[in-house]
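# sequence and predicted structure are below.
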Amino acid sequence: MEFSVLGPVEVSADGRSLRLGSARARAVLAMLLAHAGQVVSSDRLIDELWPTGQQPGTAADSLQVRLSELRRAFRSAGEPDLLASDPAGYSLTLRPKSCDAARFEAFAADGRAAMAAGDAEAAAAWLDTALALWRGPAFAGVDAPSVRAEAWRLEEIRLSVLESRADAMLACGRHAELTGDLEALTAAHPLRERLWSARMLALYRAGRQADALRAYADLRAVLADEMAIEPGPDLRELHMRILRQDLSLDHRVIRASAGAAPQTRYVQAADGIHIAYQILGSGQRDIVFVPGLMSHLELLWEDPETAGFFRRLATLGRLILFDKRDTGLSDRAAAGSTLEERMDDVRAVMRAAGSARAVLFGYSEGAPMSILFAATYPEQVSSLILGSAAARWFAAPGYPCGEGSYETYRAMREIATHRWGQGDTIDWYLPSRAGSPHVRELVGRFERLAVSPSAFLRMLDVIRDIDVRAVLPAIHVPTLVVQRRGDRINPPCQGRYLASHITDARYFEQPGDHSLRFASSGESDALFSEITAFLASAEATEPGRDRMLATLMLARELASMTARPMVSAHKGRMIMGDADAILAIFDAPGQAIRCAAAIRAAAGTGARIAVHTGEVDIADSRVSGTSVDIAYRIAALARPAEILVSRTVKDLLAGAGIGFAARGSHRLDEAEDAWQLFAVLQPDS
């Protein structure tokens, strides 16, 4: 039997339509189909489908009559056992794809996969097949809360498929066919900016620049009337590119590069290190992917699964990839890289790519830096995705996650020291493929070309000390945490901790290994469906600069020295200063420590300096908040000629080569927990 819910609810067998009995019987079937494979209780069926004032006994009797009508219809089609009952209620167990909604979602997934693989023609065909199944509103004529919820879910998928179809047709050069459809769709769904983007692009490619600009003006008017807001940054950028007649908007340019590996470019970071980066796609949303310990931009495209993952990610926006310093095609640094240096590398890559604001996708070891970046530069991060991630790798008091990380750390050190390049990291990153000699050989080649053994060992030691738990409350951008249940590097406890300590974070857990790039088609489809839904729900408005993570430096007893030039030289900003004390703010703790060392050297042995990293409120060039109070209390505890810092500062400076001496625990705020303080021993001024 075949069930149809994408329109009025219908059932057919052998090409003939079945008589379902009364309209109420059809409504009962609709509820069972909306919960296919699940048991629906009698009470729920009665509550949703029978009038509130009807006697319970009468409603229960009526329900039994309707169920009998359905069983009679199913028996006539040779399916007498399709409708099952047990003490808990009733259920329908359908064959795979016997319902048009299931076929619709399968065809839609095939279309997205074809698009990710660079086959826009096939993608458009699959998506057209999916949309052709619709005969009207889902579950038309049935009004029940749970049915309405399922109908709404299917309608959202339909709209997403329409948007994906428009992208596929634009990629095929079929923009002329789209303009009429998109005009109708934007009229029916005026708040879906992705449809407006496709409409503007289709008009522009059809040689109708004025109409494309007029469509943008229409959207602005709609948003102003409905929500009193401006179009999002992606649409504003497209508007500017249309105004300047950007050649990259031409579909012929895009199609010429489809399937080829992106061109590798270089940008020089502030300290002279050259960072390799690539740009894939031309979407209106920028996505910066921050890799883990090992990466190599050009090897990514040699493996079909890895290439497919990134091409599929590029269908969600313009994808910006880069190799961290010490890895892949980027320069090697003289010493270990700090979170501060790596944040500067990301900012340099974003500037080179012309990206003012992006989705930051922090994978594995790239996640702590991404967390710090999102808290420090919220105006540059539209949303944050953390995949196979941890705030701290090793277990600690009050932090049970990471109890198995010591074993992982020792194993990785042993591999890097004695067996690097043989592919043995696969036993940890990708155990599901460890039995394949071919895959192990590929992993070995990736090890050899992605990072040297000594650099890998240095990075392992830095990871051992990184702890960004204190930063998590300062993240105020939409966040998605992606966790794999079989992850040996960062088990589920790590991802669950992140999601529970970041405000309103969305959590997605699924089967699979640590590596997000290698997954079954079902796992990959589920992952990208989750990412797509997350990005669609993330707020498009730019965040304010009134609250952010920052490092405060408070210096006292300065013997009337002038510290302002030193603060500016270390990229800081003076907040308060007089003849004896200054308060300055920095983006990163390393800047503050180096500035503090310079001030101490100039002021002499009497200077007492405090450094603390925390969330602050900024308004009218004033800085306030609990973190400011904590900085003052730390300064009061500092000894003469001492730079005293909070534990947060020490944890964020892993790999910086700065020594610290413990100075005990102290109560610094209203919370009951004490703060650990440390004196700086070896600042690099």
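Right, received. Where do you want to start?
# and the strands in the stretch 551-685 of the chain?
According to DSSP state E, counting those that start in this stretch, the stretch 551-685 of the chain carries its strands in the segments 573-577, 581-586, 608-619, 622-624, 642-646, 660-666, 675-680.
# most tightly surrounded among these?
Each of the strands of the stretch 551-685 of the chain was assessed for mean neighbour count using mean count of other C-beta atoms under 10 Å. The highest is strand 642-646, with a mean of 26. Backbone N, C-alpha and C define where each C-beta goes, glycine included.
# just tell me which of the strands of the stretch 551-685 of the chain ends up closest to residue 231.
Shortest separation from residue 231 across these is recorded for strand 608-619, at 26.8 Å, computed as C-beta to C-beta.
# off-centre distance for the closest one?
Going by C-alpha atoms, centre = their mean, to the nearest Å, the spacing between the C-alpha centre of strand 608-619 and its chain's C-alpha centre is 28 Å.
# just the angle between it and strand 581-586, please?
60 degrees (axes from the mean of the first three to the mean of the last three C-alpha atoms, to 10 degrees).
# quick one: contacts for residue 23?
residue 141 (C-beta atoms under 8 Å, 6 or more residues apart in numbering).
# hang on, the earlier thing: of all the strands of the stretch 551-685 of the chain, which one is nearest residue 66?
Of these, nearest to residue 66 by C-beta to C-beta is strand 608-619, at 57.7 Å.
# quick one: list the elements packing against the closest one.
In this structure, strand 608-619 makes packing contacts with strand 547-556, helix 589-603, strand 622-624, helix 626-637, strand 642-646, helix 647-652, judged by 3 or more C-beta pairs under 8 Å, 6 or more residues apart in numbering; DSSP states H and E.
# how distant is the third one from the center of its chain?
Centroid displacement of strand 622-624 relative to its chain, using C-alpha atoms, centre = their mean, is 31 Å.
# then the longest one?
Taking the mean of its C-alpha atoms, helix 589-603 sits 36 Å from the chain's own mean (C-alpha atoms, centre = their mean).
# and that helix, what does it pack against?
Under the contact criterion of 3+ C-beta pairs under 8 Å, 6+ apart, helix 589-603 touches helix 339-352, strand 547-556, helix 564-569, strand 581-586, strand 608-619, strand 642-646, helix 647-652, strand 675-680.
# now do the buried residues in that helix.
Counting neighbours by 16 or more other C-beta atoms under 10 Å, one finds that the buried residues in helix 589-603 are 589-600, 603.
# quick one, what contacts the spatially closest residue to residue 3 that is not a sequence neighbour?
With C-beta to C-beta, 6 or more residues apart in numbering as the measure, residue 99 is the residue that lies nearest to residue 3, at 4.4 Å, once sequence neighbours are left out. Contacts for residue 99 were tallied using C-beta under 8 Å, 6+ apart; they are 2, 3, 4, 5, 33, 36.
# closest one of the residues you listed to residue 218?
Distances from the contacts of residue 99 to residue 218 were compared by C-beta to C-beta; the smallest belongs to residue 5, at 34.3 Å.
# ok, the nearest residue to residue 470 once chain neighbours are set aside to residue 656 distance?
By the measure of C-beta to C-beta, 6+ apart, the closest residue to residue 470 outside its immediate chain neighbours is residue 648, 4.4 Å from it. Residue 648 sits 14 Å away from residue 656, taking C-beta to C-beta, to the nearest Å as the criterion.
# for this protein, give me the ranges with low pLDDT.
Counting by pLDDT under 70, the chain contains low-confidence ranges at 53-56, 247-248, 250-260, 336, 520-522, 539-546, 559-560, 579, 670-673, 682-685.
# what ranges does the stretch 51-200 of the chain have for its strands?
With strands called from DSSP E, counting those that start in this stretch, the stretch 51-200 of the chain shows them at 83-86, 89-92.
# quick one: the contacts of residue 99 as JSON lines, columns for neighbour count and secondary structure too.
Formatted as JSON lines, these follow (neighbours: other C-beta atoms under 10 Å; DSSP: H, G, I helix; E, B strand; the rest coil):
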{"residue": "2", "neighbour count": "19", "secondary structure": "strand"}
{"residue": "3", "neighbour count": "23", "secondary structure": "strand"}
{"residue": "4", "neighbour count": "18", "secondary structure": "strand"}
{"residue": "5", "neighbour count": "27", "secondary structure": "coil"}
{"residue": "33", "neighbour count": "21", "secondary structure": "helix"}
{"residue": "36", "neighbour count": "18", "secondary structure": "coil"}
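# any chance of these in JSON lines, plus distance to residue 175?
Supplementary listing: those in JSON lines, determined by distance: C-beta to C-beta, whole Å:
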{"residue": "2", "distance to residue 175": "36"}
{"residue": "3", "distance to residue 175": "37"}
{"residue": "4", "distance to residue 175": "33"}
{"residue": "5", "distance to residue 175": "33"}
{"residue": "33", "distance to residue 175": "38"}
{"residue": "36", "distance to residue 175": "39"}
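# nearest to residue 145, of the residues you listed?
When the contacts of residue 99 are ranked by distance to residue 145 (C-beta to C-beta), residue 33 comes first, at 14.9 Å.
# ok, back up a step: which of the contacts of residue 99 sits closest to residue 246?
Of all the contacts of residue 99, the one sitting nearest residue 246 is residue 5; the distance, using C-beta to C-beta, is 43.4 Å.
# my guess is that closest one meets residue 135, correct?
No. Counting by C-beta atoms under 8 Å, residue 5 sits too far from residue 135 to count as a contact (9.7 Å).
# any idea how far the most centrally placed residue in the chain is from residue 661?
The geometric centre of the chain, computed from its C-alpha atoms, lies nearest to residue 385 (C-alpha atoms, centre = their mean), at 2.1 Å. Note on residue 385: its distance to residue 661, by C-beta to C-beta, is 38 Å.
# how about residue 45, what does it touch?
Residues counted as contacts of residue 45 (C-beta under 8 Å, 6+ apart) are 28, 31, 63, 89, 90.
# what's the answer for residue 430, then?
By C-beta under 8 Å, 6+ apart, the residues touching residue 430 are 439, 443, 513, 514, 515, 518.
# tell me what the longest helix anywhere in the chain is packed against?
For the chain, the helix that runs over the most residues, judged by DSSP state H, is helix 145-172. If you count contacts as 3+ C-beta pairs under 8 Å, 6+ apart, helix 145-172 packs onto helix 23-34, helix 42-49, helix 100-116, helix 120-131, helix 175-188, helix 193-205, helix 251-257.
# out of those helices, which is the most enclosed?
Most buried of these by mean neighbour count (mean count of other C-beta under 10 Å) is helix 193-205; its value is a mean of 25.
# right, and the helix or strand after that helix?
Next helix or strand after helix 193-205 toward the C-terminus (DSSP states H and E): helix 209-227.
# what does that next one contact?
Outside helix 209-227, the residues that reach it (C-beta under 8 Å, 6+ apart) are 186, 190-191, 193, 196, 199-201, 203-204, 229-231, 235, 239, 242-243, 245.
# report the inter-axis angle for it versus helix 175-188.
Using the same axes, to 10 degrees, helix 209-227 lies at 20 degrees relative to helix 175-188.
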